[in-house]
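[1] Sequence and predicted model, in that order:
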Amino acid sequence: MNRFARRIGLVGGMAWPSTELYYRRLNREVERRLGPGRSADLVCCSLDFGPLAQAAEAGRWDEITGTLADAVRRLAAAGADFALLAAMTPHRLLPQLQPRLALPVLHVAAPLARALAQVRRVALLGTSHTAGATFVDEHLPQGASLVRPAPEVQARLDAIIFGELAQGRAEPASAAWLDSQLQALHAGGCDAALLACTELPLLLPQLASPALPCLDAVALHAAQAVAIALGDPPPWTTT
């Protein structure tokens with residue numbers, strides 16, 4: 001019987017639909033690896049998204065850092081061995097956050113180098129907070145580059161993510177718009193699209209045949225987390 005070497009801690013609520021998606025992906029990956037009836041050994045600390053979104057909009061990143069550090073301390077007290085942040089944007093805070101944490105955090109971009117090994121131009125699709133940061137660029141393989149959305153496309157992405165997906169709604173019109181953007185990106189020379197938002201994968205089931213391969217950040221993050229939980233060496237202990 002396979003036993004878990006490490007317990008996963010999940011910081012969720014940013015927003016709740018992506019936390020639900022993380023929980024499902026983590027457990028599906030455990031089932032895939034260990035068989036039917038198996039599920040992840042994890043604990044979750046779910047935060048109130050509203051105040052965090054307001055703080056991000058106002059640029060009060062120190063406030064968010066403190067909230068996340070407290071959440072990870074609570075996970076450590078509950079027996080977690082490492083943590084996942086179930087949102088992309090908070091990863092921009094990890095350089096100043098990690099020294100304050102009671103647990104190591106598995107960076108959402110950690111699996112990207114392998115996943116993007118054959119990609120040269122990848123479209124970055126996420127919130128403006130993620131598109132305006134560099135924490136994804138820092139994990140790209142040599143020779144790969146990110147293509148960021150034009151301002152009007154970024155504005156529509158933000159409206160879909162915060163106005164619909166973060167509230168649990170995956171509208172067909174938004175899926176059709178995303179499909180049209182993937183076609184345009186393909187025509188512009190992109191090799192793949194990175195769904196660098198933990199809610200955007202909620203639209204994937206409505207895309208029958210996307211023009212570009214869509215790399216699901218949640219799926220990649222969850223798969224690596226389960227591998228580490230089952231005994232693979234974590235990146236924070238390797239050189």
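    Yep, it's here. Numbering: from 1, shown residues only.
[2] which stretches of this structure aren't confidently modelled?
    Along the chain, the model assigns pLDDT under 70 to residues 1-2, 238-239.
[3] So which residues of it form strands?
    Using DSSP state E, the strands of the chain run over residues 8-12, 42-46, 82-85, 121-125, 145-147, 192-195, 214-216.
[4] Name the residues that touch the lengthiest helix in the chain?
    If you go by DSSP state H, the chain has its longest helix at helix 16-34. Applying CB atoms under 8 Å, 6 or more residues apart in numbering, the contact partners of helix 16-34 are 2, 8, 10, 12-13, 37-40, 42, 44, 46, 49, 84, 86-87, 165-168, 198-199, 201-202, 218-219, 221-223, 225-226, 230. Backbone N, C-alpha and C define where each C-beta goes, glycine included.
[5] Those in helices, which ones?
    Checking the contacts of helix 16-34 against DSSP H, those in helices are 49, 218-219, 221-223, 225-226.
[6] Where do the domain boundaries of this protein fall?
    Listed domain ranges for the chain are 8-108+219-237, 112-217 (source: automatic domain parsing).
[7] Could I get these in a markdown table, plus columns for mean neighbour count?
    Listed next are those as a markdown table, based on neighbours: other CB atoms under 10 Å:
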| stretch | mean neighbour count |
| --- | --- |
| domain 8-108+219-237 | 18 |
| domain 112-217 | 17 |
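[8] would you turn the ones in helices among the contacts of helix 16-34 into CSV with distance to A69?
    Output for the ones in helices among the contacts of helix 16-34, formatted as CSV (distance: CB to CB, whole Å):
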residue, distance to A69
F49, 17
V218, 23
A219, 27
H221, 20
A222, 23
A223, 26
A225, 20
V226, 25
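[9] which of these lies closest to A78?
    A225 (16.3 Å; CB to CB).
[10] ok, the closest one touching L85?
    No - counting by CB atoms under 8 Å, A225 does not reach L85; the two are 11.1 Å apart.
[11] picking that back up, now distance to A58 too, for the strands of the chain, in CSV please.
    Output for those, formatted as CSV (distance: least, CB to CB, whole Å):
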stretch, distance to A58
strand 8-12, 21
strand 42-46, 22
strand 82-85, 20
strand 121-125, 24
strand 145-147, 26
strand 192-195, 26
strand 214-216, 30
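[12] Excluding chain neighbours, give the residue nearest to D81 in space.
    Spatial nearest neighbour of D81, chain neighbours left out: R6 (3.8 Å); criterion: CB to CB, 6 or more residues apart in numbering.
[13] So that neighbour is in contact with I228, correct?
    Yes - the pair R6 / I228 is scored as a contact, 6.1 Å apart, by CB under 8 Å.
[14] Beta-bridge partners for the closest residue to C214 other than its chain neighbours, please?
    Among residues not flanking C214 along the chain, A193 sits closest, at 5.1 Å (CB to CB, 6+ apart). Assessed by DSSP bridges, A193 has beta-bridge partners A123, C214.
[15] OK, contacts around A193?
    Here A193 is in contact with 122-123, 125, 182, 185, 210, 212-215 (criterion: CB under 8 Å, 6+ apart).
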